[in-house]
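>>> Sequence first, then the predicted structure:
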Amino acid sequence: MTPAALTATIDLDAIAHNVDVLRTASGADVLAVVKADAYGHGALPVARAALAAGAAELGVAHITEALTLRRGGIDAHLTAWLHTPGADFDAAISHDIDIALSSLRQLDAVIAAAKRRSRTATVTVKVDTGLNRSGVAPDEWSDFAESLAKARADGAVTVRAIMCHLARGDEPEHPLNSEQAARLDEAAADLRRLGAGPEVIHIANSPAALTRPDLARDLVRPGIAMYGRTPVPERGDFGLIPAMALTAQVALVKKLAAGQGVSYGHTFVAPADTTIAVLPAGYADGVPRLLSGRFHVAIDGRLFPGVGRICMDQLVIDLGPDGAGVTEGDTAELFGTGRSGGPTAKDWADTIGTIDYEIVSGIGARAVRRYVGGEP
Ligand SMILES: *Cc1c(COP(=O)(O)O)cnc(C)c1O
């Protein structure tokens, strides 16, 4: 098989291993977060691999993402937690998608959809315990809880779960983590008093799943750690294995004379005669333009610096005066596990002042996803 110009190789055995790490560290079942096309790794293959590895259920942001998984044959429990007024609650109910509710408006819309469908909607209560993003706000809580209890009594909804999201999960010892958990436990107690008690409680994102087993409750809800990237770098890598490697085939090798500039604006001018190579990866593929001149790629275990501006489709590296034996068609690793000294997504993130979540989820559709490992 001829390799694609640009390939994101996804190691499904790494996903399985990371699910295991998360279950062991938290002592809880895993709700695998596969939103945003599984952080760029491919929602369907990752969902299948995570479930095969023992993840209990799945979570996404949009109902449309959940419907895509259902169309792909995923029948595991599946929760979607971000809805606008146009969200298709009817389709969610028809396809047994657990709808996480952040407001009374959303609850009313789900009740109406359940009536239209003559079905009972499965819902999760998403409580804003301090993140101040999604979730039922404190000033709406008592009205929400009463309406929910009534809807449950009417048979319009089943209350499957209650959840919240941590604001400072990546600061394991921050007191806000325990405060948010206590607020969620209180909200769950409120619902139980009203006869609308949830079956399960979940709080922990990746950093909390790995560092705060006391917050695990029934399920943990990791994303980034399942993809093998440590959410708390100062605590180490927890034995996680990065699941994505980005590689490009060398498109072109050519000589460059001293004094010649490279790429738009000639931001790099060769100080001496050298050899350059063009790689078919650019900012349209998720290689940040801000990385221009500030990264290395690995070819055959050797590191070569990027030079000049990163363009939409291509970037240039400096192979040195003798070209280092690199030829067109060779494979260059833009990032990978880092295990043999190669570049990582975290290197990119650190260099441009962001997080590796943004790097991997930003790898574009033009990079062909290639899957290795997993069930035969
Ligand atoms: C994205 C997301 C997660 C996963 O977060 P990670 O930091 O990637 O583990 C969990 N819960 C909710 C509500 C999310 O939006």
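Yep, that arrived.
>>> Chain neighbours aside, what residue packs nearest to whatever residue of the chain ends up closest to the ligand?
The shortest separation between the chain and the ligand is 2.6 Å, found at G223 (distances taken as C-beta to the nearest ligand atom). From N, CA and C alone the C-beta is placed, and that goes for glycine too. Nearest in space to G223, with sequence neighbours left out and distances taken as C-beta to C-beta, 6 or more residues apart in numbering, is V33 at 3.7 Å.
>>> The one you found reaches G59, doesn't it?
Yes: using C-beta atoms under 8 Å, V33 is in contact with G59, at 4.9 Å.
>>> Find the residues that touch each one of these two.
Applying C-beta atoms under 8 Å, 6 or more residues apart in numbering, one finds that V33 and G59 are jointly contacted by R221.
>>> interface residues of the stretch 1-150 of the chain facing the ligand?
Within the stretch 1-150 of the chain, the residues that sit near the ligand (C-beta under 6 Å from any ligand atom) are 33, 35, 81.
>>> What are the phi and psi values at the nearest residue to the last one once chain neighbours are set aside?
Looking back up the chat, that one is W81. Closest residue to W81 apart from its sequence neighbours, by C-beta to C-beta, 6+ apart: A100 at 3.6 Å. For A100, the backbone dihedrals are phi -80, psi 130 (criterion: degrees, to the nearest 10).
>>> For A100, the count of nearby residues, please.
When neighbours are counted by other C-beta atoms under 10 Å, A100 registers 23.
>>> now the longest helix along the chain, how far from the centre of its chain.
With secondary structure taken from DSSP state H, the chain has its longest helix at helix 175-193. In terms of C-alpha atoms, centre = their mean, to the nearest Å, the centre of helix 175-193 is set 26 Å apart from its chain centre.
>>> avg pLDDT for whichever helix or strand comes after that helix?
Downstream of helix 175-193, the first helix or strand assigned by DSSP states H and E is strand 200-202. Confidence for strand 200-202, expressed as mean pLDDT, is 98.
>>> Does anything pack onto strand 200-202? Which helices or strands?
Judged by 3 or more C-beta pairs under 8 Å, 6 or more residues apart in numbering; DSSP states H and E, strand 200-202 is in contact with strand 157-163, helix 175-193, strand 219-220.
>>> Pick the most buried one from these.
Mean neighbour counts were compared across the helices and strands packed on strand 200-202 using mean count of other C-beta atoms under 10 Å; the top stretch is strand 219-220, at a mean of 28.
>>> ok, residues contacting that strand?
Against strand 219-220 from outside (C-beta under 8 Å, 6+ apart): 22, 26, 28-31, 56-57, 161, 200-205, 208-209.
>>> Which members of those are positioned in strands?
In this view, the contacts of strand 219-220 that belong to strands under DSSP state E are 29-31, 57, 161, 200-202.
>>> that older thread, burial measure for the residue nearest to G223, as a count.
By the criterion of other C-beta under 10 Å, V33 has 27 neighbours.
>>> and the gap between it and V372?
Counting by C-beta to C-beta, to the nearest Å, the separation of V33 from V372 is 22 Å.
>>> Likewise for I299?
20 Å.
>>> Comparing these two, which residue is more hemmed in?
The neighbour count for I299 versus V372, taken as other C-beta under 10 Å, is higher for I299 (22 against 12).
>>> List the residues that contact the closest residue to the more buried one other than its chain neighbours.
Here the nearest residue to I299 in space, its sequence neighbours aside, is A332; by C-beta to C-beta, 6+ apart that works out to 4.9 Å. Contacts for A332 (C-beta under 8 Å, 6+ apart) come out as 247-250, 277, 279, 297-299, 304, 317.
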